[in-house]
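Peer 1: below are the sequence and a predicted model for it; my questions follow.
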Amino acid sequence: MRLAITIALIAIGLASFWFALRQARQRRRRTEHRQALHRLGLPDEVVNGFLIPDQINLGTFLVNYEQYDPVRVSPFYPRWFAAAYPDVIRHFSDVLKTGNVVNLLLAFEREQVALSTDPETGLFDLAALCAFKEYYRRSTQRRRFECAGKAGVRIQGSGVS
C-alpha cells in the first residue's frame, strides 16, 4: 500500500514538473515570436488580429516574408499578408482570371464589406484583408490556411498553445 502511494506521489510530482516546464517553454516561445515580429515592424493589430488567431507558422512566415517579390504578388497586398496568406492571394488571382468578379463583388456586398485601401500606402486596409481571408475560407471550405501550423512552431500569443 505504501509503495503504491509513493509511486502515485512521484507520478503526480513528475506530471506537475512536466506541466510547469511546458508552460515556461510556451511563455518563452511567445516572447520570442513577438520579438521576431516586432523586429519586422508589424503592428499589434496584425499580430493579434491575423497571425495568432490563424496559427501562422513562424518559420514559413519568415521565409515567405524574406522572399516577398511585389512584382509577383499584387502590389495592393501588404508584405506581411502575402507572407502569411499566399493561398488567399492565389485564390483571388484565380477568381479574377476566371471572370467571377461579379460573384465576388456580390458576396462582399452581401457581407457589407467595403474593399477600401489605406490612403497613405495604397494597400488594402485590415478590414478588406480580413474579408478576403474569410471569403476564401467559405468559398474553398478550408479550415486552415496554407501557412498555418505546419511543422515547426506556430506564431503564438496569449491563450494560444
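Peer 2: Great, that's in hand.

Peer 1: could you pull out the helices for the chain?
Peer 2: All helices of the chain, identified by DSSP state H, fall at 2-39, 44-46, 58-66, 79-84, 86-98, 101-110, 126-140.

Peer 1: most packed of the ones you listed?
Peer 2: helix 79-84 (a mean of 22; mean count of other CB atoms under 10 Å). Heads up, the C-betas are built off the backbone N, CA and C, glycines and all.

Peer 1: neighbouring contacts of it?
Peer 2: 40, 42, 46, 50-51, 54, 56, 61-62, 64-65, 68, 70, 73, 88-89, 124, 129, 145, 147 (CB atoms under 8 Å, 6 or more residues apart in numbering).

Peer 1: check what pLDDT R30 gets.
Peer 2: At R30, the model reports a pLDDT of 67.

Peer 1: roughly how far apart are R25 and Y65?
Peer 2: 24 Å (CB to CB, to the nearest Å).

Peer 1: try Q141
Peer 2: Going from Q141 to Y65 by CB to CB gives 28 Å.

Peer 1: swap in T117?
Peer 2: According to CB to CB, T117 stands 21 Å off from Y65.

Peer 1: related to what we said a few turns ago, lowest mean pLDDT across the helices of the chain, which one is that?
Peer 2: helix 101-110 (a mean of 66).

Peer 1: residue contacts, the most centrally placed residue in the chain?
Peer 2: In the chain, the residue lying closest to the centroid (CA atoms, centre = their mean) is L51, at 2.9 Å. Taking CB under 8 Å, 6+ apart, we find L51 in contact with 37, 42, 61, 80, 84, 155.
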